[in-house]
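Enquirer: Model the following, please.
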Amino acid sequence: MRKIDLHTLVDEARFNRFHLLILAWCALIIIFDGYDLAVVGIALPFIMKDLGVAPANAGFMVSSALFGMMFGAILLGTIADRVGRRWTMSICIVLFSLFTAAAGLTRDPIVFGVLRFIAGVGIGGVMPNVVAQMTEYSPKRTRATLVTLMFSGYAVGGIVAAVLGKGLIDTYGWQSVFFAAAAPIILVPLIFISMPESMPFLLAKGRTHELQRIVRRLDAGWQPSGGDQFVVPVEDKVDSAPIRQLFAEGRGFSTVMFWIAFFTCLFMVYALSSWLTKLMAAAGFSLGSALTFVLVLNAGAIVGSVGGGWLADRFHIKYVLASMFALAAVSITLLGFKMPTPALFAVVALAGASTIGTQIVANAYTGQFYPMAVRGTGLGWALGIGRAGAIIAPILIGILVGMNLPLQQNFMAIAIPALLGMVAVLLIDHGKSAAHRVDPRDGDEKVSLGQAMATGN
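Expert: Predicted structure coming up:
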């Protein structure tokens with residue numbers, strides 16, 4: 001009996017239209033997600049003026065969604081490994097679309113915060129699932145590039161939010177950019193139908209026919225045979241206690257280092273996303289010009305994420321990621337100093353590349369580190385713990401803004417965590433990640449799809 005290793009099958013596959021479909025859907029979901037996340041930062045100066053909200057209270061309004069994201073990442077990242085990713089991703093899209101739109105209907109800061117908390121559950125839940133999905137189905141030689149390319153949709157969503165903000169808010173009010181967030185709902189049925197399910201999940205549920213369809217799409221030349229049996233390495237099997245696997249096989253220390261790296265990186269990302277517009281306005285730029293900095297920040301993020309993924313496929317991803325943290329510390333610090341406007345735009349782009357881009361590369365690294373069956377759980381917990389940094393950042397920077405401190409001190413407060421993140425990444429023991437051992441119960445003979453076809457099986 002020939003046993004076809006699904007992990008090896010994906011590793012050796014050639015990129016084809018099936019991979020492109022998954023990439024397109026995951027990227028589109030991340031664009032929606034990025035828009036919903038960025039829209040509050042874009043509208044924040046207008047909300048504060050319209051509702052008479054003080055800077056410290058505005059920080060709490062922003063953090064309500066981030067608090068929801070912490071729960072969503074942990075809860076829905078873990079649940080997906082048990083109930084399947086398609087249902088989980090669909091639920092997430094409905095949550096963040098409907099409740100972001102609903103936030104535009106209220107003028108009460110408390111109700112606004114509650115609605116954004118619920119939207120945050122969906123925003124946080126979708127991230128570990130799309131990263132796990134793209135990582136699982138990407139060929140090994142281009143995995144980091146594809147994951148970071150997909151996740152660059154996050155920055156595209158931020159750009160869309162900034163462009164719509166400049167075009168809609170002055171004419172229709174800040175509420176209009178929130179109402180636009182409901183649009184993705186119409187695509188949920190199509191995404192659910194066309195997105196493949198996780199292969200270890202299908203294997204655990206005995207849904208062999210679905211697995212056969214997926215394998216045929218990965219390799220059109222494969223024909224099913226009664227003697228074929230699909231297997232995954234023992235650590236890639238769905239476990240009844242997936243959280244325990246984050247600390248198994250010597251992964252415990254590295255898991256904590258990932259949590260620290262995510263905490264520091266998300267602190268920087270959300271500090272800039274929430275307060276860059278306001279800080280630039282305080283530096284003397286008009287609100288319209290300050291929104292342009294958000295566009296440049298997200299454009300830089302696209303270059304940083306794709307470029308970082310490209311480098312990670314050619315060099316050790318750990319050292320690429322540590323270098324990006326170092327660049328973040330330098331570029332964010334420079335934002336507090338006066339310089340010609342073109343130079344300032346360049347530094348803002350570097351800050352986007354080394355904060356949002358760094359987080360995207362960190363997602364790719366985490367997805368590669370953990371076995372398939374707990375990839376969503378590993379990403380979910382890393383993102384969930386990291387959300388504590390995202391929650392603290394808008395509040396802390398809001399307090400600093402309210403204290404009228406020099407601009408340099410505000411940006412230095414955002415930059416310092418980058419150094420801690422760099423150290424945490426350098427301490428990750430990549431040798432403790434999944435070794436892809438075969439479960440002895442699966443028998444002695446295991447082959448890749450290519451080997452099976454070469455022998456006529």
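Enquirer: quick one: the one helix or strand residue 65 maps to to chain centroid distance?
Expert: Secondary structure assigned from DSSP states H and E places residue 65 in helix 55-83. Put simply, helix 55-83 sits 13 Å off its chain's centre (Cα atoms, centre = their mean, to the nearest Å).
Enquirer: what's it packed up against?
Expert: Contacts defined by 3 or more Cβ pairs under 8 Å, 6 or more residues apart in numbering; DSSP states H and E place helix 55-83 against helix 17-51, helix 85-103, helix 109-137, helix 242-245, helix 252-282, helix 375-402. In this view, the C-beta of every residue, glycine as well, is placed from N, C-alpha and C.
Enquirer: quick one: buried residues of that helix?
Expert: If you call a residue buried by 16 or more other Cβ atoms under 10 Å, then helix 55-83 has these buried ones: 55-81.
Enquirer: What are the boundaries of the helices in the stretch 301-450 of the chain?
Expert: Ranges of helices in the stretch 301-450 of the chain, per DSSP state H, counting those that start in this stretch, are 317-334, 341-369, 375-402, 407-426, 449-454.
Enquirer: so what does the second one touch, helix or strand wise?
Expert: Translated: helix 341-369. Going by 3+ Cβ pairs under 8 Å, 6+ apart, helix 341-369 lies up against helix 109-137, helix 143-151, helix 153-172, helix 252-282, helix 287-312, helix 317-334, helix 375-402, helix 407-426.
Enquirer: possible to save those helices as CSV with mean neighbour count and mean pLDDT?
Expert: Output for those, formatted as CSV (neighbours: other Cβ atoms under 10 Å; pLDDT from 0 to 100):
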stretch, mean neighbour count, mean pLDDT
helix 109-137, 25, 85
helix 143-151, 26, 80
helix 153-172, 20, 80
helix 252-282, 24, 83
helix 287-312, 22, 78
helix 317-334, 21, 90
helix 375-402, 25, 78
helix 407-426, 20, 86
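Enquirer: Serialize these to JSON lines and add fields for distance to residue 15.
Expert: Shown next, in JSON lines, are these (distance: least, Cβ to Cβ, whole Å):
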{"stretch": "helix 109-137", "distance to residue 15": "10"}
{"stretch": "helix 143-151", "distance to residue 15": "8"}
{"stretch": "helix 153-172", "distance to residue 15": "18"}
{"stretch": "helix 252-282", "distance to residue 15": "28"}
{"stretch": "helix 287-312", "distance to residue 15": "14"}
{"stretch": "helix 317-334", "distance to residue 15": "19"}
{"stretch": "helix 375-402", "distance to residue 15": "20"}
{"stretch": "helix 407-426", "distance to residue 15": "28"}
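Enquirer: For residue 210, which of the helices and strands packed on helix 55-83 is the nearest?
Expert: Among the helices and strands packed on helix 55-83, the nearest to residue 210 by Cβ to Cβ is helix 85-103 (11.0 Å).
Enquirer: Can you say which of the helices of the stretch 301-450 of the chain is nearest to residue 90?
Expert: Across the helices of the stretch 301-450 of the chain, closest to residue 90 is helix 375-402 (Cβ to Cβ), at 14.8 Å.
Enquirer: Residue 85 and residue 128, how far apart?
Expert: 10 Å (Cβ to Cβ, to the nearest Å).
Enquirer: tell me, what residue is most central in the protein?
Expert: In the chain, the centroid-proximal residue (Cα atoms, centre = their mean) is residue 127; its distance is 4.4 Å.
Enquirer: picking up where we left off before, is it possible to get the helices of the stretch 301-450 of the chain out as TSV so that each row also shows distance to residue 149?
Expert: TSV is the format used below for these (distance: least, Cβ to Cβ, whole Å):
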stretch	distance to residue 149
helix 317-334	15
helix 341-369	9
helix 375-402	17
helix 407-426	21
helix 449-454	25
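Enquirer: Quick check: which of those is nearest to residue 254?
Expert: Set against residue 254 and scored by Cβ to Cβ, the helices of the stretch 301-450 of the chain come closest in helix 341-369, at 7.1 Å.
Enquirer: List the buried residues of that closest one.
Expert: For helix 341-369, burial by neighbour count (16+ other Cβ under 10 Å) applies to 344-369.
Enquirer: And residue 172, how close does it get to residue 178?
Expert: As judged by Cβ to Cβ, residue 172 and residue 178 stand 11 Å apart.
Enquirer: make that residue 134, sorry
Expert: 28 Å.
Enquirer: Residue 194: which of the helices and strands packed on helix 341-369 is closest?
Expert: Between the helices and strands packed on helix 341-369, helix 109-137 lies closest to residue 194; by Cβ to Cβ that is 12.5 Å.
Enquirer: Next, the angle helix 17-51 makes with that closest one.
Expert: Going by axes from the mean of the first three to the mean of the last three Cα atoms, to 10 degrees, helix 109-137 is angled at 170 degrees with respect to helix 17-51.
Enquirer: for helix 109-137, packing partners?
Expert: helix 17-51, helix 55-83, helix 85-103, helix 143-151, helix 341-369, helix 375-402.
Enquirer: Tell me what angle that helix forms with helix 55-83.
Expert: Between the axes of helix 109-137 and helix 55-83, defined by the same axes, to 10 degrees, the angle is 40 degrees.
Enquirer: Distance from the chain centre to helix 109-137, please.
Expert: With Cα atoms, centre = their mean, you get 9 Å for helix 109-137.
Enquirer: What residue, apart from its backbone neighbours, is nearest the residue nearest to the centre of the chain spatially?
Expert: In space, and not counting its chain neighbours, residue 127 is closest to residue 383: 5.6 Å by Cβ to Cβ, 6 or more residues apart in numbering.
Enquirer: quick one: contacts for that neighbour?
Expert: Taking Cβ atoms under 8 Å, 6 or more residues apart in numbering as the criterion, residue 383 is in contact with 69, 73-74, 77, 124, 127-128, 262, 266, 363.
Enquirer: likewise residue 89?
Expert: 29, 80, 126, 129-130, 133, 191, 195.
Enquirer: Next, count neighbours for residue 214.
Expert: Neighbours of residue 214 under the rule other Cβ atoms under 10 Å: 20.
Enquirer: can you tell me which residues contact it?
Expert: So residue 214 contacts 196, 199, 202 (Cβ under 8 Å, 6+ apart).
Enquirer: quick one: which of the residues you listed has the most company?
Expert: Neighbour max across the contacts of residue 214 (other Cβ under 10 Å) = residue 199, 25 neighbours.
Enquirer: tally of neighbours for the nearest residue to it once chain neighbours are set aside?
Expert: Nearest residue to residue 199 in three dimensions, chain neighbours excluded: residue 6, at 5.0 Å (Cβ to Cβ, 6+ apart). Around residue 6 there are 25 other residues, counting by other Cβ under 10 Å.
Enquirer: gap between residue 98 and residue 158?
Expert: For residue 98, the distance to residue 158 - Cβ to Cβ - is 21 Å.
Enquirer: Kindly apply the preceding question to residue 339 instead.
Expert: 23 Å.
Enquirer: Check residue 123 too.
Expert: 13 Å.
Enquirer: any shared contact partners between the two?
Expert: With Cβ under 8 Å, 6+ apart, residue 123 and residue 158 have common neighbours residue 37.
Enquirer: three-state assignment of residue 3?
Expert: Recorded secondary structure, residue 3: strand (DSSP: H, G, I helix; E, B strand; the rest coil).
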